[in-house]
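K.L.:
Sequence first, predicted coordinates after that:
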Amino acid sequence: MQLSVIIVSYNVKYFLEQCLLSVLKAMKNIDGEIIVVDNHSTDDSFLFFEEKFKDVNFIWNTSNSGFAKANNQALKIASGDYILFLNPDTLLPEDCFEKCISFIQLQKNDCALGIKMIDGSGKFLKESKRAFPSPMTSLYKLSGFAKLFPHSKIFAKYHLGYLCENENHEVDVLAGAFMMIPKKILNVVNGFDEAFFMYGEDVDLSFRIQQAGFKNFYFAESSIIHFKGESTKKGSLNYVKMFYKAMSIFVKKHYGSTRARLFNLFIQAAIFLRAGMSIIAHFLKWIGMPVIDAGIILFSFWSMTFFWSTLIRHEINYPSHLLFIAFPAFTILFLAASYFAGLYDNDYRQSRLNKSALVAILINLSFYSLLPERLRFSRGILLFGSILAFLLMTLVRRLLLKWNIIESAAERDEINQTIIAGAQEEFNRANYFLKNSGKKERVLGRIGTSRSEDTSAIGKIKDIADILHSYPVKEIIFCEGTLSFKTIIETIPTISHHVRIKYFATGSHTIIGSDDKDVTGEFITEDENYHLANAVYRRSKNWFDLILSLIFLILFPFLVFIKNRPAIFLKNIMDVLLRKKSWIGYAGNKKSLPELLPGIITTTGLPHSLNSLPMQSLFKTDKLYAKHFRILHDLRLIWKNFNLLS
């Protein structure tokens, strides 16, 4: 057998699906095998792949054994003359394997091979070619000199910035996302060192390949997409900790004690720097912005009070002790309403702020109207203070965006700003997926293939630069099929980076994409049209459960006289309050549906014990509930079946 492709997967089923489709295309003229080792994924990968890819050898581990150990596990049964260690979040061109094997054969099979990698937006990934870590290369990278002098032989040695990315080069380190190695070399170096759980194992293996007298090459005559955010969450403290541990193992193993101590000093500086940056980012995201907003809201209320009492109602003096209580209370209400309306979800969107401010203003005014007369001060101050707060919050966010302190999430709901590249049949299929996900209105039109008779498209793939210039395009979905993976991979580096790119392979059930190598990718799948898959809806359901439980608890002294089995009813109230159960849960098999707590009653309105419908009917009921979830529907079910809550 010529080639064995080994893929270690963990919770990336949608990306792995398209990866396998591209690997199978690249295997067309190759005598080979594909081995996937799943490291105990928790995203239902087993069910997802159970009936798919019959020619792929899946190994389902019962625990997460780590990247190195899982690769060695597959290596023991691999029978190819060449072994490719491949990440699951990659897409390959159809001629990739043939070109790589031919190059290795030209080197008399005495080398291992890495490849040119680009991310999902078409940007070159610098880690495609690297030098071995050393104290000085680490210092230059940490100090920022590598960025200031990206092509210097001295300062940019870490990513070998002085070597042209479009030419083949002998290098030190092969990226673990794509390492093609002759089996004879692996027999000498004995595969990966299992002391590395994740990160650093590719550096160690590359080092031992050179020590054994072989060479490592960076191959630029073909390139792959590596989404990377799926397998490397570089912004997290966990990443920093794991990377530090991996580099420490490498240093102790291969460097002398003096050099190791010096290198560890730089690594510890790196971990503190990265940890500090991560803490600041998390503070700003989860605590900082609400604190800033709280200051803005309080300032707006007090400013409006001064304006109101000076120019509008100058005859009224508002009691300071009342305002000192009222303004913080209304500020908390404003922030809480904004939170549950999704203002602090992920990155900034103006539409979220608009919705949050509207909800917050309505809630504040409603709460104000319920206050006793002696506690009211001025509805005008509350209304116009909230409007001023909204304007200032918008201004502050625009400034933070300009200064790159926060990031903007592109408005996904914009109309007619997505184009789909592919043949008419592929366009229809992608459009069907978008329609099911509630995004059909985004589609502006279709980019055709190179066929001259294709007259229904707004343009051809070769004219993509002109199309982007002529139309307000913010997103392209490339359909693989009539367009090859190779054509798509060669096209995306020519696209402006402000345009989002997604991929939809023939045979896939998901549209995938990733705009940043350090951030988790996105996918559009059949699950995405479930309301309960949305964090805002889930949060609303949780709060509805909590509020209703508190109401039931307050009214329990009265309900005890009308409820059958009041002790069970009280226990159910406490179970919901303690987040053990929900008032409404699924009736049947929930594995393919968004996660939900067990229900006191189910989506049929009945407890589990009273459901007598076939499982298929129960699943349909659950699916409709998850897809069209509304608080009002929960309220109706509970009102109608109140006696069954105990």
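P.N.:
It's in. Numbers count the residues shown, from 1 in each chain.

K.L.:
and the strand or helix carrying L468, what's its mean pLDDT?
P.N.:
Using DSSP states H and E, L468 maps to helix 464-470. Averaged across helix 464-470, the pLDDT comes to 85.

K.L.:
cool, and stretch 630-646?
P.N.:
Per-residue pLDDT over stretch 630-646 has a mean of 87.

K.L.:
Next, the distance between the ends of it.
P.N.:
Stretch 630-646 has an end-to-end distance of 23 Å (Cα to Cα, to the nearest Å).

K.L.:
What lies in contact with the helix holding L468?
P.N.:
The contact list for helix 464-470 (Cβ atoms under 8 Å, 6 or more residues apart in numbering) reads I419, A421, I447, I458, G459, V473, I476, T491, T494, I495, S496, V499. C-beta: built from backbone N, CA, C; applies to glycine.

K.L.:
Would you mark the buried spots in it?
P.N.:
Going by neighbour count (16 or more other Cβ atoms under 10 Å), the buried part of helix 464-470 is I464, I467, L468.

K.L.:
In a markdown table: these, plus distance to F227.
P.N.:
Output for the buried residues of helix 464-470, formatted as a markdown table (distance: Cβ to Cβ, whole Å):
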| residue | distance to F227 |
| --- | --- |
| I464 | 21 |
| I467 | 24 |
| L468 | 22 |
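
K.L.:
what number of residues lie near D545?
P.N.:
Using other Cβ atoms under 10 Å, D545 has 21 neighbouring residues.

K.L.:
I'd like the distance between it and I361.
P.N.:
For D545, the distance to I361 (Cβ to Cβ, to the nearest Å) stands at 26 Å.

K.L.:
Take the contacts of helix 464-470 and keep only those in strands.
P.N.:
Using DSSP state E, the subset of those located in strands is I419, A421, I447, G459, I476.

K.L.:
Just give me the least confident of these.
P.N.:
Lowest confidence among the ones in strands among the contacts of helix 464-470: G459, with 87.

K.L.:
That one pairs with what?
P.N.:
G459 has these beta-bridge partners by DSSP bridges: I447.

K.L.:
thought it was touching L444?
P.N.:
No. Using Cβ atoms under 8 Å, G459 makes no contact with L444, being 11.0 Å away.

K.L.:
Quick one: the contacts of helix 464-470 as TSV, columns for neighbour count and distance to N166 too.
P.N.:
Below are those laid out as TSV (neighbours: other Cβ atoms under 10 Å; distance: Cβ to Cβ, whole Å):
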residue	neighbour count	distance to N166
I419	26	28
A421	29	24
I447	27	26
I458	15	31
G459	19	27
V473	23	27
I476	23	24
T491	18	16
T494	10	14
I495	18	18
S496	11	20
V499	20	23
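
K.L.:
Out of these, which is nearest to V189?
P.N.:
T491 (37.6 Å; Cβ to Cβ).

K.L.:
where's that closest one relative to A389, distance?
P.N.:
Distance from T491 to A389, by Cβ to Cβ: 46 Å.

K.L.:
repeat for L444
P.N.:
L444 is 36 Å from A389, by Cβ to Cβ.

K.L.:
More neighbours: these two, which one.
P.N.:
Using other Cβ under 10 Å as the criterion, L444 and A389 rank with A389 on top: 25 against 18.

K.L.:
hang on, G380 packs against I312?
P.N.:
Yes. Counting by Cβ under 8 Å, G380 touches I312, with 7.0 Å between them.

K.L.:
shared neighbours, the two?
P.N.:
With Cβ under 8 Å, 6+ apart, G380 and I312 have no common neighbours.

K.L.:
returning to that earlier point: tabulate the ones in strands among the contacts of helix 464-470 in CSV, adding columns for distance to K108.
P.N.:
Formatted as CSV, the ones in strands among the contacts of helix 464-470 follow (distance: Cβ to Cβ, whole Å):
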residue, distance to K108
I419, 47
A421, 41
I447, 44
G459, 47
I476, 42
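
K.L.:
quick one on the thing from earlier: out of the contacts of helix 464-470, which is nearest to G513?
P.N.:
Using Cβ to Cβ, the contacts of helix 464-470 come closest to G513 at I476, 9.4 Å.

K.L.:
where along the stretch 1-150 of the chain do the helices fall?
P.N.:
13-26, 45-49, 67-75, 96-106, 135-143, 145-148 (DSSP state H, counting those that start in this stretch).

K.L.:
What lies in contact with stretch 568-586?
P.N.:
Residues contacting stretch 568-586 (Cβ under 8 Å, 6+ apart): 541-542, 544-546, 548-550, 552-553, 556, 559, 563, 593, 596-603, 622, 625, 634, 637-638, 645-646.

K.L.:
Can you go through those and name the buried ones?
P.N.:
Among the contacts of stretch 568-586, those classed as buried by 16+ other Cβ under 10 Å are 541, 544-545, 548-549, 552, 559, 563, 593, 596-597, 599-603, 622, 625, 634, 637-638, 645-646.

K.L.:
residues in contact with the closest residue to L532 other than its chain neighbours?
P.N.:
Here the nearest residue to L532 in space, its sequence neighbours aside, is P594; by Cβ to Cβ, 6 or more residues apart in numbering that works out to 4.0 Å. The contact partners of P594, by Cβ under 8 Å, 6+ apart, come to D527, Y530, L532, A533, R538, A626.

K.L.:
show me what contacts the third one?
P.N.:
In this case it means L532. By Cβ under 8 Å, 6+ apart, the residues touching L532 are R538, K541, L593, P594, L596, Y625, A626, F629.

K.L.:
cutoff 7 Å now
P.N.:
For L532, the contacting residues are R538, P594, L596, A626, F629, by Cβ atoms under 7 Å, 6 or more residues apart in numbering.

K.L.:
Show me where the stretch 501-646 of the chain has its helices.
P.N.:
535-559, 566-577, 615-627, 631-640.

K.L.:
Kindly state the beta-bridge partners for the nearest residue to P607 once chain neighbours are set aside.
P.N.:
Leaving aside its chain neighbours, P607 sits nearest to I601 (5.4 Å; criterion: Cβ to Cβ, 6+ apart). Beta bridges link I601 to I584, judged by DSSP bridges.

K.L.:
for I601, what are its contacts?
P.N.:
So I601 contacts I584, P607, L637, N641, L644, L645 (Cβ under 7 Å, 6+ apart).
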